[in-house]
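*Asks:* Quick one: sequence and predicted model below, then my questions.
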2 protein chains.
Amino acid sequence: MNFTLNILGTASALPTVSRYPSAQVLDVRGRLFLIDCGEGAQMQMRRMGLSYLKVDVFCLSHIHGDHLFGFFGLLSTMGMMGRKTPLLIFAPRSFGPVLKFYLSYFGEGLQFPIEYQPLAMKEPEMIMDTKAVELYSFPLNHRIESFGFLFREKEPLRNIYKDSVGKYGLGIAEMGRLKNGDDIVRDDGTVIHSEDVTYRPYDPRSFAYCSDTAPFPELPDWVSGVDLLYHEATFPSSMAEMAAATFHSTTVQAAECAARAGVKRLLVGHYSSRIKDTRPLLDELTPVFPRTMLASEGDVIEIPLRKYTG
Amino acid sequence: MNFTLNILGTASALPTVSRYPSAQVLDVRGRLFLIDCGEGAQMQMRRMGLSYLKVDVFCLSHIHGDHLFGFFGLLSTMGMMGRKTPLLIFAPRSFGPVLKFYLSYFGEGLQFPIEYQPLAMKEPEMIMDTKAVELYSFPLNHRIESFGFLFREKEPLRNIYKDSVGKYGLGIAEMGRLKNGDDIVRDDGTVIHSEDVTYRPYDPRSFAYCSDTAPFPELPDWVSGVDLLYHEATFPSSMAEMAAATFHSTTVQAAECAARAGVKRLLVGHYSSRIKDTRPLLDELTPVFPRTMLASEGDVIEIPLRKYTG
């Protein structure tokens, strides 16, 4: 039942000695979602023990090289490893020609189907609905067409309080409907309300990914209340002009978004290569939003499951 | 006056936890030649302290991804760092569409000219002639069009034995001609032979790069006598069938090429991901060619300057 974010890269445009370009893997109960795919993503996955075979969804935010140039190598490696299972790719429309180029010149021998779903929405839309999670995408505010992603764990079936079974003499069919959130009206007119006899066994978890983007008014609403918000913080606030000119965010802007959105935790990354030591960024971030973490290569960030028992 | 090979990657098709795909940098007296450009080459260059700005020649052997997919990121980084100096690329004809694709979708903002010289020779040809070095290319025997590279340091100007200056009463103009290897005939009929009064101050150095290739009869002649031969050894000799099927070489085949070519030292790499520990490969290599080294990421291999004094 894990819901775990793995950080493969935290660099922005220019990688450094210790920082790889943007790439993350969200593990939702053993199913891996690759979010952006900067150069070296496949090597970083191998180092972190993340199986290529368990990734069947790529979420690519935009086609700047530092979010994309690991795609070619990773796809070729999947092919050489004999992958047969389909791969689903969510990416902006501008990714179409990139994929076509790759497949024309390097796609020979790939034995798995690739389904590419171009993104073009103007506001949040659900793009995938699995047993475990709903995946949404929404536009960001960058120099080129860019999209963020929001993963919402499905609302779990409710559990029945142990003492309710005897108290109401609940049958199996009744319990099924009550767990599903439906109320019951018995033949004798008795009404049993689901919320009186059941409880939510855990809080569904959520993660939002926002990179690259300048601030814009709708974003906090769109990621409101998530357990973990990854938001780029390319520049310190002293470089706000540079951030505006390049459609990026500063530390303070990332923290303001988190505060307005009322998220549980904020994670920042996509650091400018000018930032040698990231720790001073926290001095700018935490006064605005205290529960902030700095992403580093190799980080494994578990979003804990909050369980309840009846 | 250094002539130094830097190993960025030694993996073959599949990178491993510790091995990057093929890329090397030859430093000829401070001028850097990038030879193949597997994914992660730019990160490895940064780790090894190799300046992007000092590379003005790329030598790409063939367009399999493990020799190529670092190209996009490195070029973009050069662009973002404000490079203005021209870049010369030697690569097979099949690289043309790859370069065109890159420039169409990611080339915006590049402020340096790129000169691409397609390779199509059937036997060794000089492709570049600089003050310090002559660069040759020659075909290899791989599944797709592939080329090797040979770097030969220029023959140095000869030095004059100190005692010859007084003995023959040599003038400055005469010394210039003698250093150049020309004999002198004075007005009085005296003949002064360059080789009697001059000596070679150092042996010009040479390096050949052969990857990827199956053995073929001409190769040893083409790399005959070089100071350092890099030859792929993708498979141990127990996997000779696999090597043949994929147009690669085994350890023994690489060593046989070195022995026939009479090179001074052999360096092998491009290891199959099946090879976890490379050290046993030496047991197959050194009986055939004793002066063999196993390439590893981060290796800096100096080809020493043998100096003579008169």
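*Replies:* That came through, no problem.

*Asks:* So the nearest residue to A:Ile7 once chain neighbours are set aside versus A:Gly38, what's the distance?
*Replies:* What sits nearest to A:Ile7 in space, not counting adjacent residues and going by Cβ to Cβ, 6 or more residues apart in numbering or on different chains, is A:Asp299, at 4.1 Å. Glycine gets a C-beta too; all of them are placed from N, C-alpha and C. From A:Asp299 across to A:Gly38, the span is 15 Å (Cβ to Cβ, to the nearest Å).

*Asks:* the more surrounded of those two?
*Replies:* A:Gly38 (28 against 17; other Cβ atoms under 10 Å in any protein chain shown).

*Asks:* Surely that one touches A:Phe69?
*Replies:* Yes - if you go by Cβ atoms under 8 Å, A:Gly38 and A:Phe69 touch, sitting 6.4 Å apart.

*Asks:* Could you tell me which residues touch both of those two?
*Replies:* Residues touching both A:Gly38 and A:Phe69 (Cβ atoms under 8 Å, 6 or more residues apart in numbering or on different chains) are A:Pro21.

*Asks:* Please enumerate the helices of chain A.
*Replies:* A:41-47, A:71-80, A:95-106, A:162-168, A:172-179, A:194-197, A:219-222, A:240-245, A:251-261, A:281-285 (DSSP state H).

*Asks:* Columns mean neighbour count on top of the ones you listed, output as a markdown table?
*Replies:* Output for the helices of chain A, formatted as a markdown table (neighbours: other Cβ atoms under 10 Å in any protein chain shown):
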| stretch | mean neighbour count |
| --- | --- |
| helix A:41-47 | 24 |
| helix A:71-80 | 23 |
| helix A:95-106 | 16 |
| helix A:162-168 | 13 |
| helix A:172-179 | 15 |
| helix A:194-197 | 16 |
| helix A:219-222 | 19 |
| helix A:240-245 | 15 |
| helix A:251-261 | 23 |
| helix A:281-285 | 18 |
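
*Asks:* Can you lay out those helices as a markdown table showing mean pLDDT and distance to chain B?
*Replies:* Below are the helices of chain A laid out as a markdown table (pLDDT from 0 to 100; distance: least, Cβ to the nearest Cβ, whole Å):
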| stretch | mean pLDDT | distance to chain B |
| --- | --- | --- |
| helix A:41-47 | 97 | 5 |
| helix A:71-80 | 97 | 4 |
| helix A:95-106 | 97 | 5 |
| helix A:162-168 | 93 | 48 |
| helix A:172-179 | 94 | 45 |
| helix A:194-197 | 94 | 50 |
| helix A:219-222 | 98 | 26 |
| helix A:240-245 | 98 | 13 |
| helix A:251-261 | 98 | 22 |
| helix A:281-285 | 97 | 22 |
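
*Asks:* Make a markdown table from those helices and add distance to A:Pro113 to it.
*Replies:* Formatted as a markdown table, the helices of chain A follow (distance: least, Cβ to Cβ, whole Å):
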| stretch | distance to A:Pro113 |
| --- | --- |
| helix A:41-47 | 20 |
| helix A:71-80 | 12 |
| helix A:95-106 | 11 |
| helix A:162-168 | 47 |
| helix A:172-179 | 36 |
| helix A:194-197 | 41 |
| helix A:219-222 | 31 |
| helix A:240-245 | 40 |
| helix A:251-261 | 37 |
| helix A:281-285 | 42 |
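
*Asks:* Which among the ones you listed is found nearest to B:Ala91?
*Replies:* helix A:95-106 (13.1 Å; Cβ to Cβ).

*Asks:* what's the distance between that closest one and the middle of its chain?
*Replies:* 25 Å (Cα atoms, centre = their mean, to the nearest Å).

*Asks:* repeat for stretch A:290-300
*Replies:* 14 Å.

*Asks:* model confidence over it, on average?
*Replies:* Averaging pLDDT along stretch A:290-300 gives 98.

*Asks:* do the same with stretch A:200-208
*Replies:* Mean predicted lDDT for stretch A:200-208 stands at 96.

*Asks:* Quick one: residues in contact with it.
*Replies:* A:1, A:3, A:5, A:26, A:148-159, A:222-223, A:225-230, A:263, A:303, A:305-309.

*Asks:* Tell me which of the helices of chain A sits nearest to B:His62.
*Replies:* Among the helices of chain A, helix A:95-106 comes nearest to B:His62, with 12.2 Å by Cβ to Cβ.

*Asks:* residues touching A:Glu284, list them.
*Replies:* Taking Cβ under 8 Å, 6+ apart as the test, what A:Glu284 contacts is A:236-237, A:250-252, A:255.

*Asks:* Please identify which of the helices of chain A is closest to B:Gly82.
*Replies:* Per Cβ to Cβ, nearest to B:Gly82 of these: helix A:240-245, 15.0 Å.

*Asks:* can I assume A:Ser61 is in contact with A:His270?
*Replies:* No - using Cβ under 8 Å, A:Ser61 is not in contact with A:His270; the gap is 10.5 Å.

*Asks:* Which pLDDT value goes with A:Met1?
*Replies:* 86.

*Asks:* From A:Glu302, how far off is it?
*Replies:* Taken as Cβ to Cβ, the span from A:Met1 to A:Glu302 is 11 Å.

*Asks:* do you know how far A:Met81 is from chain B?
*Replies:* 7 Å (Cβ to the nearest Cβ, to the nearest Å).

*Asks:* Next, count neighbours for the residue nearest to that residue when sequence neighbours are not counted.
*Replies:* Spatial nearest neighbour of A:Met81, chain neighbours left out: A:Tyr52 (6.3 Å); criterion: Cβ to Cβ, 6+ apart. For A:Tyr52, the count of nearby residues is 17 (other Cβ under 10 Å).

*Asks:* Likewise for the one 10 residues further on?
*Replies:* Each residue near A:His62 was counted by other Cβ under 10 Å, and the total is 23.

*Asks:* Likewise for the one 4 residues further on?
*Replies:* Taking other Cβ under 10 Å as the neighbour definition, A:Asp66 ends up with a count of 26.

*Asks:* my guess is it meets A:Thr10, correct?
*Replies:* No - using Cβ under 8 Å as the test, A:Asp66 is too far from A:Thr10 to be in contact (10.8 Å).

*Asks:* Please give me every residue in contact with the spatially closest residue to A:Ser76 that is not a sequence neighbour.
*Replies:* Nearest residue to A:Ser76 in three dimensions, chain neighbours excluded: B:Gly65, at 4.5 Å (Cβ to Cβ, 6+ apart). The neighbours of B:Gly65, taking Cβ under 8 Å, 6+ apart as the test, are A:72-73, A:76, A:106, B:13, B:21, B:38-39.
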